[in-house]
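J.: Let me see the structure of the following:
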Amino acid sequence: MAEEKELSYSEAIEKAGSAIHRFRLIEVKGIPLMEHIANSWDPIWAFQPDPSDLLIATYPKAGTTWTQEIVDLLLHDGDAEVCRRAPTAVRIPFLEIVSPPPIPSGLDQLSKMAPPRVIKTHLPFQLVPEGFWENKCKAIYVARNAKDNLVSYYHFDRMNLTQPEPGPWDGYLHKFMRGELAWGSWYDHVKGFWQEREKRNILYLFYEDMKENPRREVERIMRYLDLSLSDDVIRRIVELTSFKAMKDNPMANYTFIPKPVFDQSISPFMRKGEVGDWTNHFSPEQSQLFDEDYERQMKDANIPFRATI
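T.: Numbers count the residues shown, from 1 in each chain. You can find the predicted model right below:
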């Protein structure tokens, strides 16, 4: 009998068809996760990385794809063609993602890749498999100011037809403040990695710094990865990872995800990539309410966030 051809990532999503819908959230150790993740939690928690693996961790919509592309280009000497070898989700597997068959899970993808691997996660620090820290893996964490992160996540949840229905903006804002979105509280997420950054050798980056001076931040990542690339290569990487370049790159802009999953006619995956877009969404009353709640939730954290640059 002829061996069945392996499906591409997008073909597997197409084949999953009617199994794709907005999945409910189930709590794992107090953190709301999509039901497929929650129902497959034991093997995710038991994952044993190789010491050479690199973890890229973020709260959703904080600059994850941007950082993935920078890292991939740094590891391949700025070779744009090599970094177009496959979509982002194939090059850098999403550790905890579990979807209906035949879509491969993150663990399935990782099992077929030889170390060193680059691995993406949105898990808060306390849910990251302990093997990453036991094996002293390097980890890059990217944090984005709360207001812009909230706006970006809202538009993402509108177009991502596997996450819970976001509902109206005002209600979503309150869900964000209460930590009732997939992957939980933004506040706990950014604080968790911040508190552990020195002990665990985590490179903690800020989205706003990356926008303000991308070359400086690309060089910081390069040094953290113990790489040394020429000025020309660094300049090329900065150009290739500009918002416009990535929005036009089919291997990075998630257009490879079919419309039944990511409906980019509702909102593009690469929407604006700006700092301060929150001013177009928050009413003065909402902004004041949010700021007061932010002050309460972040009072013990001295994390230098900027909502404008």
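
J.: Any stretches of the stretch 151-300 of the chain with poor pLDDT?
T.: Under the criterion pLDDT under 70, the flagged ranges of the stretch 151-300 of the chain are 270.

J.: what are the ranges of the helices in it?
T.: 169-178, 186-196, 207-212, 214-224, 231-240, 243-247, 284-297 (DSSP state H, counting those that start in this stretch).

J.: which stretch among those comes nearest Gly30?
T.: helix 186-196 (9.4 Å; CB to CB). Yep, even glycine has a C-beta here, placed from its N, CA and C like the rest.

J.: list the helices and strands that closest one packs on?
T.: On a contact count with 3 or more CB pairs under 8 Å, 6 or more residues apart in numbering; DSSP states H and E, helix 186-196 meets strand 138-143, helix 146-159, strand 202-206.

J.: again, only this time at 7 Å
T.: strand 202-206 (3 or more CB pairs under 7 Å, 6 or more residues apart in numbering; DSSP states H and E).

J.: picking that back up, and the helices of the stretch 151-300 of the chain: which comes nearest Leu95?
T.: Across the helices of the stretch 151-300 of the chain, closest to Leu95 is helix 186-196 (CB to CB), at 15.0 Å.

J.: Buried by neighbour count: which residues of the closest one qualify?
T.: For helix 186-196, burial by neighbour count (16 or more other CB atoms under 10 Å) applies to Trp186, Tyr187, Asp188, His189, Val190, Lys191, Gly192, Phe193, Trp194, Glu196.

J.: Closest one to Leu123 out of these, please.
T.: Of these, the one sitting nearest to Leu123 (CB to CB) turns out to be His189, at 8.9 Å.

J.: residues contacting the closest one?
T.: His189 sits next to Tyr59, Pro124 when contact means CB atoms under 7 Å, 6 or more residues apart in numbering.

J.: ditto for the one 4 residues further on
T.: Counting by CB under 7 Å, 6+ apart, Phe193 touches Ala57, Phe125, Tyr141, Ile202, Tyr204.

J.: Equivalent analysis for Pro51, please.
T.: By CB under 7 Å, 6+ apart, the neighbours of Pro51 are Asn135, Lys136, Cys137.

J.: Disregarding residues adjacent in the polypeptide, which is nearest to the first one?
T.: Translated: Asn135. Distances taken as CB to CB, 6 or more residues apart in numbering place Pro51 nearest to Asn135, at 4.3 Å, with adjacent residues excluded.

J.: picking up where we left off before, would you format the helices of the stretch 151-300 of the chain as a markdown table with distance to Arg24 included?
T.: As requested, these are arranged in a markdown table below (distance: least, CB to CB, whole Å):
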| stretch | distance to Arg24 |
| --- | --- |
| helix 169-178 | 14 |
| helix 186-196 | 20 |
| helix 207-212 | 29 |
| helix 214-224 | 36 |
| helix 231-240 | 38 |
| helix 243-247 | 31 |
| helix 284-297 | 25 |
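
J.: Can you tell me which of the contacts of Pro51 are buried?
T.: Here, 16+ other CB under 10 Å leaves Cys137 buried among these.

J.: which one of the helices of the stretch 151-300 of the chain lies closest to Leu74?
T.: helix 214-224 (5.5 Å).

J.: In terms of secondary structure, what does the closest one contact?
T.: With contacts defined as 3+ CB pairs under 7 Å, 6+ apart, helix 214-224 has these neighbours: helix 64-75, strand 202-206, helix 231-240.

J.: quick check: mean pLDDT across whichever helix or strand Glu11 is part of?
T.: Using DSSP states H and E, Glu11 maps to helix 9-16. For helix 9-16, mean pLDDT is 83.

J.: Could you verify my assumption that Arg236 touches Gly78?
T.: Yes: with contacts counted by CB atoms under 7 Å, Arg236 reaches Gly78, the gap being 4.6 Å.

J.: neighbour-wise, which of the two wins?
T.: Neighbours were counted for Arg236 and for Gly78 using other CB atoms under 10 Å; Gly78 has more, 20 against 17.

J.: Give the burial count for the closest residue to that one other than its chain neighbours, as a bare number.
T.: Leaving aside its chain neighbours, Gly78 sits nearest to Val233 (4.0 Å; criterion: CB to CB, 6+ apart). As a burial measure, Val233 scores 18 neighbours (other CB under 10 Å).
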